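Trainee: Quick one, fold the following:
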Amino acid sequence: MSNNPGHPTKKARSIVALQREKGFLEGPHSRTGEFFTLLRVLRDFIHGFRGLHFVGPCVTVFGSARTPAGSEYYELAREMGGAIARLGFTVMTGGGPGIMEAANRGAREAGGPSVGCNIHLPHEQYANPYLDHQVTMHYFFVRKTLLIKYSYAFVVMPGGVGTLDELFEALTLIQTKKIENFPIVIMGKEYWKQTLAMLDTMVKSATISPEDLDLIFATDSVEEAIAYIKARAIKPFGLKPSRPKRSSWLGEPILKLPSPIQR
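Mentor: Numbering: from 1, shown residues only. Okay, the predicted model is just below:
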């Protein structure tokens, strides 16, 4: 099958996937219909868990699919992807173009592993060419779970509503202690200025606690971001650049990923 995002079969599949997700959120259907929906969700989770089990400890980079190559934030994400790879982590993104492509590209250029967790969409989202491995999901909420599940830090580059969703999902899970206190790095202080100001407003209105602001670190510096990830992700959790071993009797896939870079 063609990798062209405009390929009619691929586009038709994306439209069907989007229709199914809409149906999932419509409310109750027949019991049989709900059962088959559960099976489709389970299939997404199994596909994701099986496909990403061996990628090693990751840092996920969130950001816009619309950021053009060569732009300021594209180059910042590219530099950040390379720095994360040199730190010994696998760089994980949503697998698409823009910021995601830039981070994966930086990891590839640095000789580190680069993976993507993509989504079926009828437009805009296609796998970028800098992925060593990828999985593609039908459901957004499954994809978001996977992007968080395998990561020990999150880097949030400039993006749209999807990036905001991913940022606040990670922040909520850490705030409510559903996951460990993994570092969240926001890059592009000018871009995120109003979002950060809104968080200050929340503190003043007592809708969040002052210490919740300590869960994020805003910077424009790759060096500062890497130092923060080192202090908050590597030292507390004793991470090593290694991956789980494949079990042949389970028929687990062999992933052709570059070896993690030794720090």
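Trainee: Going by C-alpha atoms from here, please, whenever you check contacts or count neighbours.
Mentor: OK.
Trainee: which residues touch the residue of the chain most remote from its centre?
Mentor: Residue farthest from the centre of the chain, counting by CA atoms, centre = their mean, is Ser30 at 33.7 Å. Not one residue lies near Ser30 by CA atoms under 8 Å, 6 or more residues apart in numbering.
Trainee: ranges for the strands of the stretch 151-263 of the chain?
Mentor: Remark: strands assigned in the stretch 151-263 of the chain by DSSP state E, counting those that start in this stretch are 151-156, 184-187, 216-219.
Trainee: got TSV for these, with distance to Thr37 and mean pLDDT too?
Mentor: As requested, the strands of the stretch 151-263 of the chain are arranged in TSV below (distance: least, CA to CA, whole Å; pLDDT from 0 to 100):
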stretch	distance to Thr37	mean pLDDT
strand 151-156	28	96
strand 184-187	33	98
strand 216-219	36	98
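Trainee: Serialize the ones you listed to CSV and add fields for distance to Asn128 and mean neighbour count.
Mentor: As requested, the strands of the stretch 151-263 of the chain are exported to CSV (distance: least, CA to CA, whole Å; neighbours: other CA atoms under 10 Å):
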stretch, distance to Asn128, mean neighbour count
strand 151-156, 19, 24
strand 184-187, 22, 24
strand 216-219, 26, 17
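Trainee: nearest to Leu76, of these?
Mentor: strand 184-187 (8.6 Å; CA to CA).
Trainee: what packs against that closest one?
Mentor: strand 151-156, strand 216-219 (3 or more CA pairs under 8 Å, 6 or more residues apart in numbering; DSSP states H and E).
Trainee: Just checking: what are the partner strands of that strand?
Mentor: The strands beside strand 184-187 in its sheet (DSSP bridges) come out as strand 151-156 (parallel), strand 216-219 (parallel).
Trainee: Can you convert these into JSON lines and add a column each for distance to Pro113?
Mentor: Shown next, in JSON lines, are those (distance: least, CA to CA, whole Å):
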{"stretch": "strand 151-156", "distance to Pro113": "14"}
{"stretch": "strand 216-219", "distance to Pro113": "25"}
